[in-house]
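Peer 1: This is a predicted model, with the sequence first.
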Amino acid sequence: MTWPLLVLRPDDAGRMGRLHMRCFDQPWSAVSFRGMLLDPTILSLGIEIDGRLEAFIMAQTVAGEADILTVATSPDHRRKGLAATLIRALIARLGERGVSRVTLDVAEDNTAARALYAAEGFGEDGRRPRYYASGRDIPVDAILMSRKLGI
């Protein structure tokens, strides 16, 4: 299935904050999203279903590289390909902008996200020990991943 993509703007910050709250133990606020979306180095794409923002991705581009800051998919719409669609669309747009490499980090225990990123061509580069602590009895490592573009 395909979904129309939206380029998210500062006016979408409230919707992004509400969705992020449904997806993460330590969500970012609408105020944070608004501030980031005002930054010209930020690109954020979203998918609406029945008029509701159900998934989005946000990346920041600096010096020819981009870092995926967050990916959020509504719990009601997971495992339907929304995140993969967003990753592919983001990578295409970043490639058009001359980005040569995309990076991200993901919690070691987030096996679904790690599998998704691997399927989208990201490889593991390293780790940050005990980086993710929220909602866990024992903090887990962040797995650093990247993908080269245009090669």
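Peer 2: Yep, it's here. Numbers count the residues shown, from 1 in each chain.
Peer 1: residue contacts, Leu116?
Peer 2: By CB atoms under 8 Å, 6 or more residues apart in numbering, Leu116 lies in contact with Ala83, Ala84, Ile87. Just so you know, the C-beta spots here come from the backbone N, C-alpha and C atoms, and that holds for glycine as well.
Peer 1: List only buried entries from these.
Peer 2: Burial by neighbour count, 16 or more other CB atoms under 10 Å: within the contacts of Leu116 this picks out Ala83, Ile87.
Peer 1: which ones among the contacts of Leu116 are found in helices?
Peer 2: Ala83, Ala84, Ile87 (DSSP state H).
Peer 1: Is Ser29 in contact with Met16, as I believe?
Peer 2: No: using CB atoms under 8 Å, Ser29 is not in contact with Met16; the gap is 9.6 Å.
Peer 1: between those two, who's got more neighbours?
Peer 2: Neighbour comparison, Ser29 and Met16: the larger count goes to Met16, with 27 against 14 (by other CB atoms under 10 Å).
Peer 1: Okay, and the nearest residue to that one once chain neighbours are set aside sits in which element?
Peer 2: The shortest distance from Met16 to any residue other than its chain neighbours is 4.4 Å, reached at Phe33 (CB to CB, 6 or more residues apart in numbering). Take DSSP states H and E as the rule and Phe33 turns out to sit in helix 30-37.
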